[in-house]
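Engineer: Predicted model and sequence below, questions to follow.
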Amino acid sequence: MRDRKIIKDACAFRLLADETRMKMIYLLRAKEMTVSQIAGELRLTPQTIYHHIKKLCEAGMVEVSREERIEHVVESYYRATAGYFHFVNGACANECGGMEWIQEILKGLGNLGFEFDMSEKKASSILELAEDLKRRREDPNIVGRIYDMDDIDPSIGLDLAEFAMMMNMNAREFAKYLETQRSLRERLLSGRAKKSSP
């Protein structure tokens, strides 16, 4: 199973608004299960579970992990396709983390009053540093455990993951993290447009 999967389909995101499908994803992240096993765990009929499984498979969030023949019946075992799902939409959905993503970031900074005059080469170097920081913040083990916490407000998930990530680093790793942040800041500042004097 992959640790993280990017989902770009808005319909897939809406599927998880249903509490039963959300519970099924949690179960199938932990272990592979048959429709009957899921039905027993959630106290629902196998027909209801099969209906939901079909939708989750079509959305790419659940897959058949193996099939087992028991006498004349073939049982399918299902699992989640990732430890956690990252939903994106809009311009970033086309190339999440890629050049289009960094262009959207720079556009947003421009809307905040930080104007840039930047070559594609410089934008590419900013992208490389930003993706390095993102990878460090998105430790799949930590993020997966945070999503499993029922008593934590999901809105603080990313902040909690970053705090845990910093505490989990040794001194050398943390120094490298800070150096990457400093380099990113310097490259952003070097790309700011010079304001012409009146």
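Structural biologist: Looks like it came in fine.
Engineer: can you pull the contacts of Glu55?
Structural biologist: To be clear, residue 55 is Lys; Glu isn't right here. Under the criterion of C-beta atoms under 8 Å, 6 or more residues apart in numbering, the neighbours of Lys55 are Leu15, Arg21. From N, CA and C alone the C-beta is placed, and that goes for glycine too.
Engineer: so how far is Asn170 from it?
Structural biologist: Computed with C-beta to C-beta, to the nearest Å, the distance linking Lys55 and Asn170 is 44 Å.
Engineer: and if you look at Arg187?
Structural biologist: The span separating Arg187 from Asn170 equals 26 Å under the rule C-beta to C-beta.
Engineer: Which one's more surrounded, the two?
Structural biologist: Arg187 (18 against 7; other C-beta atoms under 10 Å).
Engineer: excluding its backbone neighbours, what's nearest the more buried one?
Structural biologist: Distances taken as C-beta to C-beta, 6 or more residues apart in numbering put Ile126 closest to Arg187, at 5.0 Å, once the chain neighbours are dropped.
Engineer: Make sure Val64 is indeed in a helix.
Structural biologist: No. Under DSSP: H, G, I helix; E, B strand; the rest coil, Val64 falls outside any helix and is assigned strand.
Engineer: can you list the weak-confidence ranges in the chain?
Structural biologist: Judged by pLDDT under 70, the chain has its weakly predicted residues at 1-4, 8, 10, 86-97, 137-141, 143-144, 147-148, 150, 152-158, 194-198.
Engineer: Can you show me the strands along it?
Structural biologist: 2-7, 62-70, 73-80, 82-87 (DSSP state E).
Engineer: Tell me which of those strands sits most buried.
Structural biologist: strand 82-87 (a mean of 18; mean count of other C-beta atoms under 10 Å).
Engineer: one step back: who are the neighbours in contact with the residue nearest to Arg187?
Structural biologist: Taking C-beta under 8 Å, 6+ apart as the contact definition, Ile126 lies against Ile102, Leu106, Met118, Leu184, Arg187, Leu188, Gly191.
Engineer: how close does it sit to Leu44?
Structural biologist: 49 Å.
Engineer: coming back round to it: and which of the contacts of Ile126 is nearest Arg21?
Structural biologist: Within the contacts of Ile126, proximity to Arg21 (C-beta to C-beta) peaks at Ile102, which comes in at 33.4 Å.
Engineer: Not counting its neighbours along the chain, what's nearest the closest one?
Structural biologist: With sequence-adjacent residues excluded and distances taken as C-beta to C-beta, 6+ apart, Ile102 is closest to Leu127, at 4.2 Å.
Engineer: domains in the chain, as residue ranges please.
Structural biologist: Under automatic domain parsing, the residue ranges defining each domain of the chain are 2-84, 94-190.
Engineer: still on that earlier bit, and the gap between the residue nearest to Arg187 and Glu173?
Structural biologist: As for Ile126, its distance to Glu173 is 22 Å (criterion: C-beta to C-beta).
Engineer: Many thanks, we can stop here.
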